[in-house]
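Enquirer: Can you look at this prediction? I've put the sequence above it.
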Amino acid sequence: MDKLVIQGGSPLSGEVRVSGAKNAALPLMCASLLTGEPVRFSNLPRLKDVTTMLGLLARMGVQVSLDDRLGVELRAERVTEPLAPYDLVKTMRASILVLGPLLARCGEARVSLPGGCAIGLRPVDQHVKGLQQMGAEIRVDQGYIAARAGRLRGARIVADIVTVTGTENLMMAATLAHGTTVLENAAREPEVADLANCLNAMGARIRGAGTDVITIEGVDHLHGTAHAIMPDRIETGTFLAAAAATGGTIRLHGTDGKILDAVLDKLREAGAEVQVEPGVVSLAMRRRPKSVSLRTAPYPAFPTDMQAQFMALDAIAEGTGVITETIFENRFMHALELQRLGADIEISGNTAIVRGAPRLQGATVMATDLRASASLVIAGLVAEGETTVERIYHLDRGYESIEEKLSQLGARIRRVH
Ligand code: EPU
């Protein structure tokens, strides 16, 4: 298993390009199931999760042609087997995103229930409830969601909780339904809006994506299109947090500061100078960071996917920060690993009290999930001496060439096979 070995202590400095967003790419690729015509995506991030999704789609009969310029063409001329098997779903929960498109296109789907997950229970009841309201018959059979429907019917669906992939699944299913669907209490994440833009370019009629009420007028069929995947706001935020923690100066290209307000506000509160220009975000940190307190919540509030990285920042900041996680019930596993590097963190329920230490010390730590891994890398960049981050397959699921990009910014980091 690969590891990252980091010699801490160098401030990040320089320029790097941000990749396309993982959490936009995954639902977008599933949208290709809704038409027999080719759908082309550019700015595709090269990630393990993207490869897994391509493998899943290919198994269903989707023709996949990758080019060497971050592009892919997907053509679902015939869906031969509307099935997402357990061995793929257990490695990537986002596989659930095929459920809505498969039901809408084929009238049936078998998708494995995701099962346990390192960051919490993450049930899919809202996906199922919404599809049932649209007329689908759904039962659980041998660990699989077995769904059937004639043509889905438009419905008014009020989500009990805000769910990102739930909103995306129902929005995709509704594009081909008979009549109008209204999704209330919908997720407002920019990735939902990116998906809606692509679906509209395929002939769908979606209004309100990016707000908490989305209206979808069903159409008879969708057609092919070409779509550029939006930039990854979490990768952007991760590099900014790393630069802030190391006292660095960086400039990120190919990104969008406007979809990152809550994170940029917290970085400024920590003492960073942040500048946003079209397509570029720059940050300079000329002092020891000040602790920040934050509470995760659905977009546009502070994202749960940036919580771990800010815990690493608070670990070396001046003062005490209080971090409250409201989205996932078990997303503090990085705290124990950060403690191995000398961080002073006290956990009580869904709150972490982080007392900033003047320095951290290198050690061997273990990555437990994707964003936890990113926080350990940030802590390793700051810590004195050598830090080894084990189990970095989590990191490869969601960060494209992270060690290459960090090396480009002057970090002393290498991958050991
Ligand atoms: N939930 C339910 N029932 C449902 C759906 C969700 O109870 O039917 C609960 C979950 O258990 C969780 C909360 O609702 O407590 C929010 O979950 P959500 O459905 O919004 O999460 P998700 O769609 O599974 C996406 C991202 C995650 C990100 C969350 C929250 C993708 C592919 N994944 O997950 O990304 O943390 O939204 O913003 O878009 C990551 O990239 O590291 C990652 C985990």
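Expert: Received, thanks.
Enquirer: Which residues of this protein lie near the ligand?
Expert: Applying Cβ under 6 Å from any ligand atom, we find that the chain lies next to the ligand at 23, 26, 93-94, 120-127, 161, 163-166, 303-305, 327-328, 370-371, 398. Using the backbone N, CA and C atoms, a C-beta is placed for each residue, glycine as well.
Enquirer: Check the gap between Phe239 and the ligand for me.
Expert: Here the distance between Phe239 and the ligand works out to 15 Å (Cβ to the nearest ligand atom, to the nearest Å).
Enquirer: how about the closest residue to that residue other than its chain neighbours, what does it touch?
Expert: Distances taken as Cβ to Cβ, 6 or more residues apart in numbering put Leu252 closest to Phe239, at 5.9 Å, once the chain neighbours are dropped. Contact analysis of Leu252 by Cβ atoms under 8 Å, 6 or more residues apart in numbering lists 15-18, 236, 239-240, 280-282.
Enquirer: Buried residues in the helix or strand of the chain with the lowest mean pLDDT, which are they?
Expert: Least confident helix or strand of the chain, by mean pLDDT, DSSP states H and E, is helix 86-89 with a mean of 89. Of the residues in helix 86-89, 86, 88-89 count as buried by neighbour count, 16 or more other Cβ atoms under 10 Å.
Enquirer: Remind me what that helix packs against, helices and strands.
Expert: With contacts taken as 3 or more Cβ pairs under 8 Å, 6 or more residues apart in numbering; DSSP states H and E, helix 86-89 sits against helix 48-59, strand 108-112.
Enquirer: what does the one helix or strand Thr388 maps to contact?
Expert: Assigned by DSSP states H and E, Thr388 belongs to strand 386-390. Under the contact criterion Cβ under 8 Å, 6+ apart, strand 386-390 has outside partners 1, 3-8, 341, 362-367, 373, 376-377, 379-380, 395.
Enquirer: Same check on stretch 88-95?
Expert: Stretch 88-95 has contacts (Cβ under 8 Å, 6+ apart) with 23, 26-27, 49, 52-53, 55-56, 59, 84, 96, 111-115, 117, 122, 165, 397.
Enquirer: Now do the end-to-end distance for it.
Expert: 7 Å (Cα to Cα, to the nearest Å).
Enquirer: residues in contact with the nearest residue to Asp396 once chain neighbours are set aside?
Expert: Spatial nearest neighbour of Asp396, excluding adjacent residues (Cβ to Cβ, 6+ apart): Lys48 at 4.7 Å. Residues in contact with Lys48 (Cβ under 8 Å, 6+ apart) are 393, 396-398.
Enquirer: For Phe310, state which of those is nearest.
Expert: Closest to Phe310 out of those is Gly398 (16.9 Å), distances taken as Cβ to Cβ.
Enquirer: ok, the closest one touching Gly20?
Expert: No. Using Cβ atoms under 8 Å, Gly398 makes no contact with Gly20, being 11.8 Å away.
Enquirer: ok now do the residue with the largest distance to the centre of the chain, which residues does it touch?
Expert: Distance from the centre of the chain peaks at Gly150, with 32.2 Å (Cα atoms, centre = their mean). By Cβ under 8 Å, 6+ apart, Gly150 lies in contact with 107, 135.
Enquirer: what are the ranges of the strands in the stretch 1-150 of the chain?
Expert: Counting by DSSP state E, counting those that start in this stretch, the stretch 1-150 of the chain has strands at residues 3-7, 13-17, 39-42, 63-66, 72-75, 83-84, 108-112, 137-141, 144-148.
Enquirer: re earlier: can you flag the buried ones in the contacts of strand 386-390?
Expert: With neighbours counted by 16+ other Cβ under 10 Å, those contain buried members at 3-8, 341, 362-363, 365-367, 373, 376-377, 379-380, 395.
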